[in-house]
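*Asks:* this is the structure alone, sequence omitted:
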């Protein structure tokens with residue numbers, strides 16, 4: 001605790017503003033906060049040190065590799081692995097309460113596993129590809145997450161399987177197609193659940209919220225095979241599910257930066273709506289398929305159907321508590337998954353109307369709550385919609401200019417009146 005706070009606390013004690021018991025609690029609070037900051041910095045520098053040391057060892061080996069005998073190569077291949085295991089064993093037995101030791105040693109061993117696999121394969125010319133290497137590396141590293149409760153290794157694992165999902169589907173498509181990513185993702189689920197239950201406000205949980213959400217968004221497209229043009233249905237339902245997860249009691253009570261599901265869900269829905277508002281987007285719509293029966297049995301359609309059912313369940317669960325009296329228009333957008341079967345190309349008109357109503361609703365909500373962020377978000381959404389129509393309509397430049405001037409004035413006046421209202425209330 002700083003000298004300034006200590007002096008002020010003593011002054012409050014002498015003035016009988018706080019009791020001795022309250023003063024002790026304040027001292028204990030600031031002492032714990034100082035310890036947490038110290039441990040956080042120690043963890044960061046320890047992890048960075050472990051990464052740099054591991055990479056440095058690999059570079060030293062690589063520089064002199066061709067001049068070494070096979071025996072020396074094998075010894076050096078397993079040496080980082082042995083050192084990492086000894087450090088992890090020491091952390092478990094002697095430093096079980098130290099987050100710094102556990103995270104640092106587990107990160108070192110994580111990279112040592114990858115280095116040992118690649119070095120041994122190089123020495124004995126073992127054939128393989130990058131996909132099998134990443135799978136082996138991630139599966140061998142996964143126990144570290146649970147043995148040492150290492151959240152950094154967990155994040156590295158998520159990044160690794162995400163790269164695998166992209167490489168096995170996007171980068172080498174159509175020669176390879178794999179769904180193994182989804183099984184690998186389940187491997188980290190227990191650790192993530194434990195973080196949410198025990199360390200809901202920690203930075204590790206924050207990063208897991210973002211890593212997992214972004215990873216799923218990136219890899220959902222790997223499901224696409226012959227009917228990839230249907231994947232926007234799956235993404236619409238996925239973003240809706242994310243939105244409802246973000247509105248659950250656990251996430252809704254946290255800071256917005258921690259609520260990756262709400263942010264990605266809402267922005268994802270609006271992004272797809274803006275795509276839907278273009279007529280060219282429907283050039284590869286449901287009607288462009290060669291065989292309706294083949295489409296209905298495709299993995300893309302089945303995935304979209306299942307995700308839509310899950311989104312409907314979340315919608316019912318959230319709004320049933322309020323007897324469906326507080327439904328936000330954004331929450332109904334996932335139902336558009338069935339509308340294209342009826343509306344076809346002209347659904348772009350409906351999408352325009354939905355985006356406009358959402359923008360107006362957010363503007364009204366921002367004014368009502370005296371919240372500049374919500375207000376400006378609604379105005380920005382309307383501006384983006386008008387900008388989109390700027391490129392695909394035949395309106396004259398005069399009308400377009402008037403629209404932009406109107407929106408600009410709306411930004412200025414809305415912010416001005418809210419700030420004026422705040423100043424009036426403060427007085």
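*Replies:* Structure's in. What do you need? On a predicted model such as this, the values are computed, not experimentally measured, just so you know. Residues are numbered from 1 along each chain as shown.
*Asks:* okay but residue 118 is in contact with residue 130, surely?
*Replies:* No. Applying CB atoms under 8 Å as the test, residue 118 and residue 130 come out as separate, 10.2 Å apart. For every residue, glycine as well, the C-beta is placed using N, CA and C.
*Asks:* of these two, give the one with the bigger neighbour count.
*Replies:* residue 118 (16 against 13; other CB atoms under 10 Å).
*Asks:* does residue 207 touch residue 155 like I think?
*Replies:* Yes. In this structure, residue 207 is within contact of residue 155 by CB under 8 Å, at 5.8 Å.
*Asks:* so how far is residue 151 from residue 194?
*Replies:* 10 Å (CB to CB, to the nearest Å).
*Asks:* then residue 219?
*Replies:* Per CB to CB, residue 219 is found 21 Å from residue 151.
*Asks:* who are the contact partners of residue 178?
*Replies:* With contact set as CB atoms under 8 Å, 6 or more residues apart in numbering, residue 178 has these partners: 131, 165, 168, 169, 222.
*Asks:* ok, residue 200 - contacts?
*Replies:* Neighbours of residue 200 in contact, by CB under 8 Å, 6+ apart: 250, 254.
*Asks:* which secondary structure state does it sit in?
*Replies:* coil (DSSP: H, G, I helix; E, B strand; the rest coil).
*Asks:* per-residue pLDDT of it, please?
*Replies:* Looking at residue 200, its pLDDT reads 82.
*Asks:* swap in residue 338?
*Replies:* Residue 338 is given a pLDDT of 69.
*Asks:* go on, the one 4 residues further on?
*Replies:* Predicted confidence (pLDDT) for residue 342: 49.
*Asks:* and the one 3 residues further on, by the same measure?
*Replies:* Per-residue confidence at residue 345 stands at 58 (pLDDT).
*Asks:* same question, residue 266
*Replies:* pLDDT for residue 266: 93.
*Asks:* contacts for the helix or strand encompassing residue 264, please.
*Replies:* Remark: residue 264 resides in helix 260-276, with elements defined by DSSP states H and E. By CB under 8 Å, 6+ apart, the residues outside helix 260-276 that reach it are 209-210, 213-214, 217, 232, 235-236, 238-247, 251-252, 256, 281-282, 330, 333-334, 336, 347-348, 351, 354-355, 358, 381, 384-385, 388.
*Asks:* just stretch 303-314 next, same as before
*Replies:* So stretch 303-314 is in contact with 223, 230-231, 233-234, 237-238, 240-241, 244-245, 334, 337-338, going by CB under 8 Å, 6+ apart.
*Asks:* run the last query once more with 7 Å
*Replies:* Stretch 303-314 is contacted from outside by 223, 230, 233, 234, 237, 238, 240, 241, 244, 334, 337, using CB atoms under 7 Å, 6 or more residues apart in numbering.
*Asks:* looking at the protein, which helix or strand is least sure?
*Replies:* Ranking every helix and strand in the chain by mean pLDDT, DSSP states H and E puts helix 340-343 at the bottom, with a mean of 52.
*Asks:* where along the stretch 1-150 of the chain do the helices fall?
*Replies:* Assigned by DSSP state H, counting those that start in this stretch, the helices in the stretch 1-150 of the chain fall at 3-14, 20-64, 70-93, 99-123, 130-147.
*Asks:* just the mean pLDDT for the longest one, thanks.
*Replies:* If you average the pLDDT over helix 20-64, you get 61.
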